[in-house]
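Asker: sharing a model that was predicted from the sequence below.
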Amino acid sequence: MNKRGSFGDLFIFMIIGFIVVMISVIMIFIVGQANSKLHEKMDGMDLHDTMGNNASVVIDNTVGQTVTTLTALHWISVMLIVGMILGIFIGSYLVETKPIFFIPYIFITIIAIVVSVPMSNTYETLSNNPTLSTTFLGFTGANWIFLNLPVWITIIGFVGGIIMFSRMGKREGLQGY
């Protein structure tokens, strides 16, 4: 109800988006490694169940299906990021604010832009890591967003500010209803 501003949304966006992508990358990497190690160690074994399936078929039907399912995280992570961006814009639209908060909003947006630079550099360092680089390749949309994070934060911050501060005083006439 009496919400006066949503100035921290840019920081929440950066942190949650980064965490979502990192957890997705780590999950895909771990399950992929587990699948390949299981095949490496158990494919040569002559194990059969009552249905006639050998070890490699059982691995493909269990862990192999998990690997296939987790590849959906490539686009799910981007959709979560886009949803957070839309949430920032909708939150900016719904916030009632005063003109005095324009200057702090600009300062907070500038601080968010400055903070996004090392976060983008960290993402680039992690994505260029030889161990994880092949896993990061599938995250095309998330890579594009996080490698250009300062530009995205600038655009989101200023568009959110325009939406927020262009509505100043529009609801004041509706207070009596």
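Answerer: Here it is on my side, so go on.
Asker: and for residue 96, the neighbour number?
Answerer: Close neighbours of residue 96, defined as other C-beta atoms under 10 Å, add up to 16. Placement of C-beta: from N, CA and C, glycine included.
Asker: then residue 142?
Answerer: With other C-beta under 10 Å as criterion, residue 142 counts 26.
Asker: same deal with the one 3 residues further on?
Answerer: When neighbours are counted by other C-beta under 10 Å, residue 145 registers 21.
Asker: just the buried positions in the worst-scoring helix or strand of the chain on mean pLDDT, please.
Answerer: In the chain, no helix or strand scores lower on mean pLDDT, DSSP states H and E than helix 55-61, which sits at a mean of 76. In terms of neighbour count (16 or more other C-beta atoms under 10 Å), helix 55-61 has its buried residues at 55, 56, 58, 59, 60.
Asker: name the helices or strands packed onto it?
Answerer: helix 9-42 (3 or more C-beta pairs under 8 Å, 6 or more residues apart in numbering; DSSP states H and E).
Asker: test my guess that residue 138 contacts residue 72.
Answerer: No - using C-beta atoms under 8 Å, residue 138 makes no contact with residue 72, being 10.5 Å away.
Asker: centre of the chain to stretch 99-118, how far?
Answerer: Mean C-alpha position of stretch 99-118 versus that of the full chain (C-alpha atoms, centre = their mean, to the nearest Å) differs by 21 Å.
Asker: enumerate the positions of that stretch that are buried.
Answerer: 101, 105, 108, 109, 112, 113, 115, 116.
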